[in-house]
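**Student:** generate a structure from the sequence data that follows.
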Amino acid sequence: MADVEVPGQARQGWFVTLEGPDGSGKSAQSERLRAAAAAAGQDVVLVREPGGTAGGERIRAILNDAGPVGVRLARRTDALLFNAARAQLLDEVIRPALRRGALVISDRYADSTLAYQGCGSELPLDELRPVVEFATGGLLPDRTILIDVPVEVGLARKSAAETTRWEAHFDRAFHERVRAGYLSFAAADPARWVVVDGTAPADDVFAALWGVLLDMPGLGPRLAR
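**Tutor:** Alright, predicted model coming up:
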């Protein structure tokens, strides 16, 4: 469980993050998990990165702008903006939910900075990690689920309406580095990471994700009752 200390009170919740290359389907699956957990009677909060707060949504609009006159951002600016939105989301939403014992499901979290700005944009990971640590206060997820899909599969799933700066202005090699980065993180920390095949039928992907939640200490019995 994720421990969050507050003066005079310690409450515990569960923190689960979904990661994956663009087009992996994690946003749709995150909502399915939220709905299933709520139907099981669990206090559940779904958040997305960047966003989830008034300030975070403004940052999201800048980061995702794919227009022909969209803001061009330096690699370090990307990293700092993502982490600014993340810090606000933690303070306003995630930590309060964990304090009351909720299940928090996050569509992306700190590992996305390491995958996209680190591996994808080739910023040094040893420089990014302290930035992430500062933004998160060291809060790690209990489980991180990587929905893995080949780059060509993920990008082909994105409709024109869903196109952001990440599809419009970054090449195939960038997305290949992102995917490779995610897989390397999962291999290095199998106690936290679970890899799910995102090319499987959507119902099978959901079943695998739900199984991860059912296996979590303390949470599984709540969801299965």
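**Student:** quick one: mean pLDDT for whichever strand or helix holds R95?
**Tutor:** When elements are assigned from DSSP states H and E, R95 belongs to helix 95-99. Confidence for helix 95-99, expressed as mean pLDDT, is 97.
**Student:** buried set for that helix?
**Tutor:** Neighbour-count burial for helix 95-99, counted by 16 or more other Cβ atoms under 10 Å, picks out 95-99. In this view, the C-beta of every residue, glycine as well, is placed from N, C-alpha and C.
**Student:** can you check stretch 132-150 too?
**Tutor:** For stretch 132-150, the neighbour count (16+ other Cβ under 10 Å) marks 132, 135-136, 139, 141-149 as buried.
**Student:** so E49 makes contact with S112?
**Tutor:** Yes: E49 is in contact with S112 according to Cβ atoms under 8 Å; the separation is 6.5 Å.
**Student:** dump the buried residues of helix 95-99 into TSV; add distance to S27 as well.
**Tutor:** Supplementary listing: the buried residues of helix 95-99 in TSV, determined by distance: Cβ to Cβ, whole Å:
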residue	distance to S27
R95	23
P96	23
A97	19
L98	22
R99	26
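**Student:** quick check, nearest of the residues you listed to L183?
**Tutor:** For those, the closest approach to L183 (Cβ to Cβ) belongs to L98, at 28.0 Å.
**Student:** okay, and the residue lying closest to that closest one once chain neighbours are set aside sits in which element?
**Tutor:** Nearest in space to L98, with sequence neighbours left out and distances taken as Cβ to Cβ, 6 or more residues apart in numbering, is G13 at 3.7 Å. Under the assignment given by DSSP H and E, the secondary-structure element containing G13 is strand 9-19.
**Student:** sheet-wise, list the partners of that strand with their directions.
**Tutor:** Counting by DSSP bridges, the strands paired with strand 9-19 are strand 2-6 (antiparallel), strand 103-107 (parallel), strand 143-148 (parallel).
**Student:** any stretches of this structure with poor pLDDT?
**Tutor:** 1-11, 66-71, 160-163, 166-168 (pLDDT under 70).
**Student:** would you mind finding the longest helix in it?
**Tutor:** Among the elements of the chain assigned as helix by DSSP state H, the one spanning the most residues is helix 172-188.
**Student:** next, the angle strand 9-19 makes with it.
**Tutor:** Here the directions of helix 172-188 and strand 9-19 differ by 130 degrees (axes from the mean of the first three to the mean of the last three Cα atoms, to 10 degrees).
**Student:** from L125, how far out is the residue most central in space within the chain?
**Tutor:** Of all residues in the chain, the one closest to the mean position by Cα atoms, centre = their mean is R108, 1.2 Å from it. Using Cβ to Cβ, to the nearest Å, we find R108 at a distance of 17 Å from L125.
**Student:** same deal with G25?
**Tutor:** In this structure, G25 lies at 26 Å from L125, with Cβ to Cβ as the measure.
**Student:** more neighbours, the two?
**Tutor:** In this view G25 and L125 are compared by other Cβ atoms under 10 Å, and G25 has more residues nearby, 21 against 16.
**Student:** for the more buried one, give me its contacts.
**Tutor:** 147, 149, 157, 198, 202, 205 (Cβ atoms under 8 Å, 6 or more residues apart in numbering).
**Student:** just the ones in helices from those, please.
**Tutor:** Among the contacts of G25, the members found in helices (DSSP H) are 157, 202, 205.
**Student:** residues contacting the closest residue to R32 other than its chain neighbours?
**Tutor:** Spatial nearest neighbour of R32, excluding adjacent residues (Cβ to Cβ, 6+ apart): F206 at 5.2 Å. By Cβ under 8 Å, 6+ apart, the contact list for F206 reads 29, 32-33.
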